[in-house]
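[1] sharing a model prediction with you, sequence too.
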Amino acid sequence: MIYAPLNYQKLNFLDNTYFPNTLKVRNNLTFGYWERSLFQRACSTLEFELPEQWSGAVKDFFYYCLFRFGFVCVFYDVKYGLTFQPCHLKGYDIYYQPTDCIISNPAMSVKDNMKKYVIGSNCELIKLTPDYLGIWDIIDYYAGKLAVLDGAIDLSLVNNKFGFFIGAKTKAAAEAIKKMLDKVNRGEPAVVFDSKLIGDDPLTKESPFQVWDRKLKENYITTDQLNDFQTILNNFDAEVGIPTIPYQKKERLVKSEAESRTIDSTSRSVIWFDTLTTSIEKVNAMFDSNISVSLRYEDTFSDNDYSNDGVVE
């Protein structure tokens, strides 16, 4: 989430122009947690070999720019050497591809700040996707769903705490119930009470106790919610290139099912890999560098995963 302090007027305007204004899917810490978590899961799918000066925190910034913005501009600077920066694209050629990069960084000199570089002449792009977009839409989409379901699971866990709803007709009966529950919660194996307390009321002939049976087992939905939670997480993994096995398959997967799921989970990451490889080749050719990229989970499934009867163990 991007932190931006807002005054009362702006908050009031935003709150009253969003419908339903009671649903806060994204402006909360849970969404921020999942946004950060899914971003790091997505980063795990690609391994880069970068120049030594791009290691450590610089490499972290490289990952963030690629996945957040979709591309970085690589150029040579007298002060910083071979470097990269997020940039704004400008112009277009006959194929409607951008021709220029505008670099704006306050740490650069006044002369170089807001400097225009020409793609293919004194800079090249390393881009993640063919359409010059990052994957934050994927992260935002699934983070929103996980944040909503996360809140539902929390509520379900609270509501499913096993408790007793007991009504007492007299003060004596109420105090006796409290005392007995205190002894039970304290761990005493047996509680002795006066049997007259559970006798019928002499006036109404009714029991002094009324107990509401919640039938907790029949209304327990947390298991289903956790399964749905895992399904959403598996779907995200399949989007970004992390091989998954559906939790519904309790035993063995048929070979064709495993292969289909593998293809599904790597389809987008293969496109990203091809796009990155093509753009990195141009960078290496221009600056004589040795940047490379590989898919971390490319060999997750091999022929050894399948047995002779055509199922995955």
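    Perfect, I can see it now.

[2] and the next element down the chain from the one helix or strand residue 270 maps to?
    For residue 270, the enclosing helix or strand under DSSP states H and E is helix 255-287. On the C-terminal side of helix 255-287, the nearest following helix or strand under DSSP H and E is strand 292-295.

[3] for the stretch 151-300 of the chain, which segments count as helices?
    All helices of the stretch 151-300 of the chain, identified by DSSP state H, counting those that start in this stretch, fall at 171-186, 222-240, 255-287.

[4] longest strand of this structure?
    The longest strand of the chain (DSSP state E) is strand 71-77.

[5] note down every partner strand of it and its orientation.
    strand 81-85 (antiparallel), strand 123-127 (antiparallel) (DSSP bridges).

[6] give the rounded mean pLDDT of the last one.
    Going back to what we said before, that points to strand 123-127. Strand 123-127 carries an average pLDDT of 95.

[7] may I see the buried residues of the longest strand of the chain?
    For strand 71-77, the neighbour count (16 or more other Cβ atoms under 10 Å) marks 71, 72, 73, 74, 75 as buried. Using the backbone N, CA and C atoms, a C-beta is placed for each residue, glycine as well.

[8] so can I have TSV of these showing pLDDT and distance to residue 174?
    Formatted as TSV, the buried residues of strand 71-77 follow (pLDDT from 0 to 100; distance: Cβ to Cβ, whole Å):
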residue	pLDDT	distance to residue 174
71	95	69
72	96	69
73	96	74
74	96	76
75	94	78
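
[9] any chance of the residues you listed in TSV, plus distance to residue 27?
    Formatted as TSV, the buried residues of strand 71-77 follow (distance: Cβ to Cβ, whole Å):
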residue	distance to residue 27
71	28
72	29
73	32
74	35
75	37
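
[10] which one of those sits closest to residue 266?
    residue 71 (21.8 Å; Cβ to Cβ).

[11] distance check, that closest one against residue 132.
    6 Å (Cβ to Cβ, to the nearest Å).

[12] name the residues contacting each of these two.
    With contacts defined as Cβ atoms under 8 Å, 6 or more residues apart in numbering, the residues shared by residue 71 and residue 132 are residue 89.

[13] ok, back up a step: out of the buried residues of strand 71-77, which comes closest to residue 235?
    Proximity of those to residue 235 (Cβ to Cβ) peaks at residue 71, which lies at 25.8 Å.

[14] quick check: beta-bridge partners of the closest one?
    Applying DSSP bridges, one finds that residue 71 bridges with residue 127.
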